[in-house]
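Engineer: dropping the sequence and predicted coords here.
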Amino acid sequence: MKIGSSGCHPRVGPALWAGLAVVLTACSTAPSRSAAPPAATAPAALPPLAAVETRERHAPLGIDPVQAARQSAERRAREQAARWGLDRLPTAAPAPPEQRPALTAGRPGLVLRPGLPPVVQRVPTEDRVVFLTIDDGAEKDPEFARMTAELGIPYSTFLTGYLARPDWGYFRGLLANGHAATGNHTLNHRDMRGLTAAEQRTEICGQQDELERETGSRPPLFRPPYGEYTDDTLRAARQCGIRAVALWNEEAFPDRMEYRYADRVLHPGDIILTHFRGRAEWGGTMTDVLRRVLRTVNEQGFALALLDDYL
């Protein structure tokens, strides 16, 4: 069989033509060896590495940002409490009442006499709050000042002139942290029962004058030394501008709490007494006393509030 110049013989059968058509079609559609490969698809743009690191540091994958912030705050709170030897931070007190609780007859822990300042051992309140008060002023512990400022502890001082006088700057510093208030505890810490009415007035009003000179205000609260007083004491207190006389229910020491009541527990409105004293008198520091108070208050489900806000 001869093949013409056209590459096909006029007498080739139909089957052969069909086969040749398949071969020719495949050859014409096959890619050339020299053809360029198809262009690769460009990857999506990636965020800068710094942005990824910042996002993961503040909100790790799979953690809600609000939850992450809460966990961070809880961690900082644990660390802050641990710095002062506490398992947790003190419970925050509720907002103070818009009006101080009314002092009415028949309530426990109140002594009311017509025309005289009330004598209060327990503030009438349903809030689960108690009040820390610190007397005298002999010990001036800088760690106590730092601890109360850092933890935001509210408390009232009842200062005696001759004991605070060597360093009034220390007590002005306590007031400056915004959580403390100052009360009157007389000039010389004498038992009021052994003084004349005029002498009692000198002790109370003289300390009001000194407190105003050193701290800028005349306190509305008074505590008689040893918790002892007479009607003359109350009259002198009223004449000196005292609103109420604050006694106490519990006393705190570095190693224990002492209670006036047989149930040996705190009650809403209780007043806790302690003193500005140190190792020489107690074998412990003021921060030890404060830890004792905070643990007791926390364990019994209370918060510390500022006595001056309620009384």
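Structural biologist: Good, I have the coordinates.

Engineer: for Arg172, see how far away Glu299 is.
Structural biologist: 33 Å (C-beta to C-beta, to the nearest Å). (C-beta placed from N, C-alpha, C; glycine too.)

Engineer: could you do Pro219 as well?
Structural biologist: On the measure of C-beta to C-beta, Pro219 and Arg172 end up 14 Å apart.

Engineer: of the two, which one has the most company?
Structural biologist: More crowded of Pro219 and Arg172, by other C-beta atoms under 10 Å: Pro219, with 24 against 13.

Engineer: let me see the ranges of the strands in the protein.
Structural biologist: Assigned by DSSP state E, the strands in the chain fall at 110-111, 119-120, 129-136, 155-159, 180-184, 221-222, 244-246, 250-253, 256-259, 271-275, 303-305.

Engineer: can you tell which of the ones you listed is closest to Arg146?
Structural biologist: strand 180-184 (13.3 Å; C-beta to C-beta).

Engineer: what does that closest one contact?
Structural biologist: 133, 148, 154-159, 171, 174-175, 204, 207-208, 211, 215, 217, 219, 221-223, 240, 242, 246, 306-308 (C-beta atoms under 8 Å, 6 or more residues apart in numbering).

Engineer: list the contacts for the residue nearest to Arg295 when sequence neighbours are not counted?
Structural biologist: Distances taken as C-beta to C-beta, 6 or more residues apart in numbering place Leu86 nearest to Arg295, at 7.2 Å, with adjacent residues excluded. Leu86 is in contact with 291, 294-295, counting by C-beta under 8 Å, 6+ apart.

Engineer: residues near the nearest residue to Arg260 once chain neighbours are set aside, how many?
Structural biologist: Nearest in space to Arg260, with sequence neighbours left out and distances taken as C-beta to C-beta, 6+ apart, is Asn249 at 5.1 Å. Neighbourhood size, Asn249 [other C-beta under 10 Å]: 21.

Engineer: quick check: Met147 vs Glu79, distance?
Structural biologist: From Met147 to Glu79 the distance is 15 Å (C-beta to C-beta).

Engineer: which of these two has more residues huddled nearby?
Structural biologist: Met147 (21 against 9).

Engineer: hmm, Gln80 and the more buried one touching each other?
Structural biologist: No. In this structure, Met147 is not within contact of Gln80 by C-beta atoms under 8 Å, at 10.6 Å.

Engineer: what touches both of these two?
Structural biologist: Between them, Met147 and Gln80 share no contacting residue, judged by C-beta under 8 Å, 6+ apart.

Engineer: tell me where this structure has helices.
Structural biologist: 14-29, 49-58, 65-83, 142-151, 161-164, 168-176, 197-215, 231-239, 279-282, 286-299, 307-310 (DSSP state H).

Engineer: pLDDT of the third one, averaged?
Structural biologist: The reference is to helix 65-83. Averaging pLDDT along helix 65-83 gives 84.

Engineer: mind saving the C-alpha coords of it as CSV?
Structural biologist: This file holds the C-alpha atoms of helix 65-83, laid out as CSV (Å, rounded to 0.1, in the frame of the first residue of the first chain):
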residue,chain,number,x,y,z
PRO,A,65,-10.8,38.0,76.7
VAL,A,66,-13.1,38.7,79.6
GLN,A,67,-12.3,35.4,81.2
ALA,A,68,-8.6,36.0,80.7
ALA,A,69,-8.8,39.4,82.3
ARG,A,70,-10.6,37.9,85.3
GLN,A,71,-8.1,35.1,85.7
SER,A,72,-5.3,37.7,85.6
ALA,A,73,-6.9,39.8,88.2
GLU,A,74,-7.5,36.8,90.5
ARG,A,75,-3.8,35.8,90.1
ARG,A,76,-2.7,39.3,91.1
ALA,A,77,-5.0,39.3,94.1
ARG,A,78,-3.6,35.9,95.3
GLU,A,79,-0.1,37.3,94.9
GLN,A,80,-1.0,40.5,96.8
ALA,A,81,-2.5,38.5,99.6
ALA,A,82,0.4,36.2,99.8
ARG,A,83,2.8,39.1,100.2
